[in-house]
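> Just need the structure, nothing else, for what follows:
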Amino acid sequence: MSETQHHKLIILGSGPAGYTAAVYAARANLQPVIITGLAQGGQLMTTTEVDNWPADAEGVQGPELMARFLAHAERFGTEIIFDHIQEADLQTRPFVLKGDMGTYTCDALIIATGASAKYLGIKGEEVFAGKGVSACATCDGFFYKKQDVAVVGGGNTAVEEALYLANIANTVTLIHRRDSFRAEKIMVDKLMQRVEEGKIILKLNATLDDILGDDSGVNGARLKYNDGHTEDIAVNGVFIAIGHKPNTDLFKGQLDMDETGYLITQGGTGDNVGLTNIEGVWAAGDVKDHTYRQAITSAASGCQAALDAERWLDRQH
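Alright, predicted model coming up:
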């Protein structure tokens, strides 16, 4: 364990929110430090084509986009530390963060640790990750134009994904382990309308048992019904839509969060859009946003957090 390092501003997380916060903070001479976490680059590292990043008219690969984010942050002198924080004490001043490689203290903290898509844990999810298996229809749906796809889940996320994909794909098969949906009634009404139109096919009382495919990617899904029988369906894409889990376990008992773990921020104006319940600590990106979950909205909130942190630090002197 190295000796404690003190920094004016530490940014936890290295996705679009974290890197954007670093660009703005570095340009304000705050000498920010990014502690990357285990998954450097965030969820975009597992996304192949990113076709909705503004000004990339031809699209860009997720890892390539994140490499550019990193280069941009480093261009202005951001220090990148490859570590994973295990403990945080936000009750003391300065704040204390304990990682695998060292202990860090800071005057201001931006939390951009993101959220992780929940997966079922079946083998095919790993085998075909980025080759037909996705957890984000708005990210990857475009690549399944006029093709047959499946969505797994029964809550708002799954129904939203199915409705979105119904406008792009040939057919969408919605696989749900129960015979009724947890989604809001208005969403279920819209779903049933698309079912009547033949755009969405319901497979109820069923779970996804396996994902089928070859070297070129996914070509089918195996369903297992509650009565034990199985059925193979032909699909080119499988969207796992059983929700996201924000990476906030580290802050339980210290920062206000909702019942699913998303950080609650003040959300107003005047330096507190991303401010948590602890002064000097901001949240940015998917760690506080379960609605939009896009690279562009994460980057925007990283910008806000950095500008707010700059103004707040300036007032401390």
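
> any idea whether the spatially closest residue to Arg178 that is not a sequence neighbour is helix, strand or coil?
Distances taken as Cβ to Cβ, 6 or more residues apart in numbering place Gly154 nearest to Arg178, at 6.0 Å, with adjacent residues excluded. C-beta here means a position set from N, CA and C on the backbone, and glycine is covered the same way. Three-state call for Gly154 (DSSP: H, G, I helix; E, B strand; the rest coil): coil.

> ok, now Gly77?
Quick answer, by three-state DSSP: Gly77 is coil.

> For the helix ranked longest in the chain, C-alpha coordinates in PDB please.
The longest helix of the chain (DSSP state H) is helix 295-315. In PDB, the C-alpha atoms belonging to helix 295-315 read as follows (Å, rounded to 0.1, in the frame of the first residue of the first chain):
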ATOM      1  CA  ALA A 295     -23.400   8.200 -23.700                       C
ATOM      2  CA  ILE A 296     -24.400  11.700 -24.700                       C
ATOM      3  CA  THR A 297     -26.500  12.300 -21.600                       C
ATOM      4  CA  SER A 298     -23.800  10.900 -19.400                       C
ATOM      5  CA  ALA A 299     -21.200  13.100 -21.000                       C
ATOM      6  CA  ALA A 300     -23.500  16.100 -20.400                       C
ATOM      7  CA  SER A 301     -23.900  15.400 -16.700                       C
ATOM      8  CA  GLY A 302     -20.100  14.900 -16.400                       C
ATOM      9  CA  CYS A 303     -19.700  18.500 -17.800                       C
ATOM     10  CA  GLN A 304     -22.300  19.800 -15.300                       C
ATOM     11  CA  ALA A 305     -20.600  18.100 -12.400                       C
ATOM     12  CA  ALA A 306     -17.200  19.500 -13.300                       C
ATOM     13  CA  LEU A 307     -18.400  23.000 -13.700                       C
ATOM     14  CA  ASP A 308     -20.300  22.900 -10.400                       C
ATOM     15  CA  ALA A 309     -17.300  21.400  -8.700                       C
ATOM     16  CA  GLU A 310     -15.100  24.200 -10.100                       C
ATOM     17  CA  ARG A 311     -17.400  26.900  -8.800                       C
ATOM     18  CA  TRP A 312     -17.800  25.200  -5.400                       C
ATOM     19  CA  LEU A 313     -14.000  24.700  -4.900                       C
ATOM     20  CA  ASP A 314     -13.500  28.300  -5.900                       C
ATOM     21  CA  ARG A 315     -15.800  29.400  -3.100                       C
END
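
> State the pLDDT value of Cys139.
For Cys139, the model assigns a pLDDT of 82.

> wait, I meant Ser2
As predicted, Ser2 sits at a pLDDT of 61.

> And for Phe239?
97.

> Quickly list what it is bridged to.
Per DSSP bridges, the residues bridged to Phe239 are Ser134, Val151.

> thought it was touching Thr157?
No: counting by Cβ atoms under 8 Å, Thr157 is not a contact partner of Phe239; they are 9.7 Å apart.

> More neighbours: which of those two?
Ranked by neighbour count (other Cβ atoms under 10 Å), Phe239 and Thr157 place Phe239 first, with 29 against 24.

> what does the lowest-mean-pLDDT helix or strand in the chain contact?
When each helix and strand of the chain is scored by mean pLDDT, DSSP states H and E, strand 49-50 comes last, with a mean of 79. For strand 49-50, the surrounding residues in contact (Cβ atoms under 8 Å, 6 or more residues apart in numbering) are 44, 56, 59-62, 65, 139-140, 142-143, 295.

> Using TSV, lay out these together with distance to Met192 and neighbour count.
Below are the contacts of strand 49-50 laid out as TSV (distance: Cβ to Cβ, whole Å; neighbours: other Cβ atoms under 10 Å):
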residue	distance to Met192	neighbour count
Leu44	34	23
Asp56	37	13
Gly59	34	14
Val60	37	18
Gln61	38	14
Gly62	34	21
Leu65	38	20
Cys139	26	22
Asp140	25	22
Phe142	25	14
Phe143	27	17
Ala295	32	27
